[in-house]
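J.: sequence first, predicted coordinates after that:
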Amino acid sequence: MADPIYTPPEVWTHDAENGGRFAKINRPTAGARQEKNLPVGEHDFQLYSLATPNGVKATIMFEELLEAGHADAEYDAWTINIGDGDQFGSGFVDINPNSKIPALLDRSGPEPVRVFESGAILMHLAEKFGAFLPTDHTRAEVLSWLFWQVGSAPSIGGGFGHFYAYAPEKYEYPINRYAMETKRLFDVADRRLGETEYLGGGEYTVADIATFPWLAPFVFGGIYNDARTFLSIDEYENVARWVKSIAARPAVRRGRIVNKVWGEKGEQLAERHSAADFEGKTY
Ligand SMILES: N[C@@H](CCC(=O)N[C@@H](CS)C(=O)NCC(=O)O)C(=O)O
């Protein structure tokens, strides 16, 4: 047990034994830790990911593009098991120097292009296919909500989720701080969704695709122990209306199981290479 009253030393040093779910994986340095090539499939788009809230943003986007008739959006999705440290393999680090999923290799142009950061992946695909990102005066509003989401996620995941669910000891100060911030963010979304059908306005866009995977598990339960009860998530009725309508979209239902390697076997799709991979799956 750590001392509940911590006096920071003059110079911080890394203690790999400090406990916590990610203690064995996280280090204060970047770069590859082992040589490991990435698998490559036949499609233009190679996605390296996992079905976490940040990961499913990308798989939902691909499935939405395919659902909308963009046949060129076919993709291979490969599992990066972050618990096993796959994000530190040399091939993955070449695509994302920040060692976090999702990461994309786009081979549709004259030269392969790497894209990392979920928001950048959504924008890249939206611009490439001319879909889910308006080009008129509403574009700025959509991008504002997209960047709001990407900027907010660390307070919800790395802040609230980490201290409430993952930290080896529960401390009131960080749990209070991030519970307050997470509830404030839900209130921001709830007020907006009381005014407009979707976050960016009247249309379903990349802003909704980015935000849904983070808010839905709180509404349905199942993330960070019983965070739904702890944070009184049922208060946010407009968020619940929006989450339920997006969850019913066929592309969203498919995208949520791609690169999933936990839960019910029938709801897992570790790798996705074609539409046929969903056959026999529950989603
Ligand atoms: N800002 C990044 C965050 C990505 C991120 O945090 N990914 C997590 C999984 S949800 C990850 O790969 N964690 C592995 C690690 O921290 O080593 C994005 O939006 O793409």
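T.: Yes, it's here.

J.: around the ligand, which positions in the protein sit nearby?
T.: I25, T52, N54, I82, Q87, S99, K100, I101, E117, S118, G119, V150 (C-beta under 6 Å from any ligand atom). All C-beta atoms are positioned from the backbone trio N, CA, C, and that covers glycine.

J.: shaky segments in the stretch 101-250 of the chain?
T.: Residues of the stretch 101-250 of the chain meeting the criterion pLDDT under 70: none.

J.: so where do the helices sit in it?
T.: 118-129, 139-154, 172-195, 206-220, 227-230, 237-247, 250-255 (DSSP state H, counting those that start in this stretch).

J.: out of the ones you listed, nearest to E42?
T.: helix 118-129 (18.5 Å; C-beta to C-beta).

J.: distance of T79 from A23?
T.: Going from T79 to A23 by C-beta to C-beta, to the nearest Å gives 23 Å.

J.: neighbour-wise, which of those two wins?
T.: Of the pair T79 and A23, T79 is the one with more neighbours under other C-beta atoms under 10 Å, namely 23 against 13.

J.: for that one, give me the pLDDT.
T.: What the model reports for T79 is a pLDDT of 98.

J.: so it bridges to which residues?
T.: T79 forms beta bridges with S49, as assigned by DSSP bridges.

J.: list the contacts for it?
T.: S49, L50, D86, N259, V261, A270, E271 (C-beta atoms under 8 Å, 6 or more residues apart in numbering).

J.: swap in 10 Å and give it another go.
T.: The contact partners of T79, by C-beta atoms under 10 Å, 6 or more residues apart in numbering, come to 39, 48-51, 55, 86, 101, 258-261, 268-272.

J.: likewise for P217?
T.: P217 is in contact with P53, I223, Y224, A227, R228, I233, V243, counting by C-beta under 10 Å, 6+ apart.
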